[in-house]
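> Sequence below, structure please.
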Amino acid sequence: MSSTTLTTIQDQLILFGYPTWMILGNIGNIFIIMIFIRYRHNACSIYILNLAIMDNLYLTFLSLTQIIPFSYKNITVYALAYCKIRFYLTNIFGQVAKTMLVLSCIDRFMITSDRASLRRFSTYKRAKFLIFFSIICWLLICIHVPIMITIVDGQCGMFGIYATIYNVYTIIFFSLIPSILIGIFGYLTHRNMRHIRNRIQPSEHNVNNVIKRRDRELMVIIISEAFVYVVTATPYILVMIEMITSRYALPNKSFQYLQIELFIFNMSFLLLFLNNAAPFYIYLITSKSFRRDFKQLIFNFYQKIVKQPTVPVAFTTNQSLAQRDTRV
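Numbers count the residues shown, from 1 in each chain. Below you'll find the model as predicted:
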């Protein structure tokens, strides 16, 4: 396949791929917000709300910067500012979104723990503090991006040794650490839920059914999220590692090699980008309770349109996934 063909395919995928993920992802995240806004005083729910908000900001901002052309050939103050702000904001939105996902997994671990001290740590006030703290931290941690990003020969990006440093930073903080933490606390939550189920007496039929259903749905959601994240993040990690090593192993890359490398990088990043658009559809496919909440939300919206009395979304304590302190 010629480099011209690769460039054409790449341009078409960027032109249509990013807007598609942005539209589908924003719609899905809005539904997540509408469902969980009613339970915003719950620690797990507030993490989910902020995750959906950050995903929407990341999807929208990155998509627009990818599909809307901007010329850096005439280096002006505005061009340089746009160059720096573009990378800085996408880093913040992306990193805060991953942090919300990790915090929600940690919260699930705490609320299923048999230690009262851990369960008490899962509160609305602490969740608000951790969200605020994580945003401030990423604002400071990512400050190196607008400082080091610059324009060279009409190209906005990282150059020299900082390009390698930035790639390593991306691999560690954007892919490896979130994946590891999600996997660890997902496993610990599963173990806690198994302990809870084993402690229930056989005579407590109704409670046992509720815990089994919650255990099953929680595990399906955790496994699904972890699987999707690993699938979308692994190709990106491998491509980044190849780009770092080949920078020194193959200092004189051919033009065709560079074109193929750029094509694979853009495709892996587009796949990683899917992770921010997928949560709603993962929840809808894997969680029966979330589907119930979503159907009730649509039904109530329809009733409002036809001006009929609405039914509260909070159906029953045992049926609503959001009230069972689980992230959907």
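> Would you mind identifying the next helix or strand past the host helix or strand of Phe227?
Element membership of Phe227, judged by DSSP states H and E, is helix 205-249. Counting by DSSP H and E, the next helix or strand C-terminal to helix 205-249 is helix 255-277.
> any idea of the mean pLDDT for the helix holding Phe227?
Mean pLDDT, computed over helix 205-249, is 70.
> Stretch 125-139 too?
pLDDT averaged over stretch 125-139 gives 93.
> again, but for stretch 84-104
Here stretch 84-104 scores 90 as its mean pLDDT.
> Pull the distance from that stretch to the chain's centre.
Put simply, stretch 84-104 sits 9 Å off its chain's centre (C-alpha atoms, centre = their mean, to the nearest Å).
> residue contacts, Ile67?
Going by C-beta atoms under 8 Å, 6 or more residues apart in numbering, Ile67 touches Ile14, Leu15, Tyr18, Pro19. For the C-beta atoms, the positions are set from N, CA and C on the backbone; glycine is no exception.
> Reformat the residues you listed as a markdown table; add distance to Ile27.
Below are the contacts of Ile67 laid out as a markdown table (distance: C-beta to C-beta, whole Å):
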| residue | distance to Ile27 |
| --- | --- |
| Ile14 | 21 |
| Leu15 | 20 |
| Tyr18 | 15 |
| Pro19 | 12 |
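> out of those, which is most surrounded?
Tyr18 (21 neighbours; other C-beta atoms under 10 Å).
> For Gln66, see how far away it is.
According to C-beta to C-beta, to the nearest Å, Tyr18 and Gln66 sit 5 Å apart.
> picking up where we left off before, which two of the contacts of Ile67 have the greatest separation?
Greatest spatial distance among the contacts of Ile67 (C-beta to C-beta): Ile14 and Pro19, at 9.5 Å.
> circling back to that earlier point, in helices only, show me the contacts of Ile67.
Ile14, Leu15, Tyr18, Pro19 (DSSP state H).
> The first one touches Asn266, doesn't it?
Yes. Distance between Ile14 and Asn266: 6.6 Å, which falls inside the contact criterion (C-beta atoms under 8 Å).
> Return the residues in contact with the most centrally placed residue in the chain.
By C-alpha atoms, centre = their mean, the chain has its centre lying nearest to Asn276, at 4.3 Å. By C-beta under 8 Å, 6+ apart, the contact set of Asn276 is Trp21, Gly25, Asp55, Tyr58, Leu59, Gly94, Ala97.
> and Phe129, how far is that from Phe36?
On the measure of C-beta to C-beta, Phe129 and Phe36 end up 19 Å apart.
> if I read this right, Ile182 contacts Ala226, doesn't it?
Yes. Assessed by C-beta under 8 Å, Ile182 is found in contact with Ala226 at 5.6 Å.
> Tell me which of these two has more neighbours.
Neighbour count, other C-beta under 10 Å: between Ile182 and Ala226, Ile182 has more, with 21 against 16.
> Send me stretch 89-109 as CSV with only the CA atoms.
Extracted in CSV, the C-alpha atoms of stretch 89-109 (Å, rounded to 0.1, in the frame of the first residue of the first chain):
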residue,chain,number,x,y,z
LEU,A,89,-6.5,21.1,28.1
THR,A,90,-6.7,17.7,26.4
ASN,A,91,-4.2,16.4,28.9
ILE,A,92,-6.1,17.7,31.8
PHE,A,93,-9.5,16.5,30.6
GLY,A,94,-8.1,13.1,29.8
GLN,A,95,-6.2,12.6,33.0
VAL,A,96,-9.0,13.8,35.3
ALA,A,97,-11.4,11.4,33.5
LYS,A,98,-9.0,8.5,34.1
THR,A,99,-8.7,9.6,37.8
MET,A,100,-12.5,9.6,38.2
LEU,A,101,-12.6,6.1,36.9
VAL,A,102,-9.9,5.0,39.3
LEU,A,103,-11.6,6.7,42.2
SER,A,104,-14.9,5.1,41.5
CYS,A,105,-13.2,1.7,41.5
ILE,A,106,-11.5,2.5,44.8
ASP,A,107,-14.9,3.6,46.2
ARG,A,108,-16.5,0.3,45.2
PHE,A,109,-13.7,-1.5,47.0
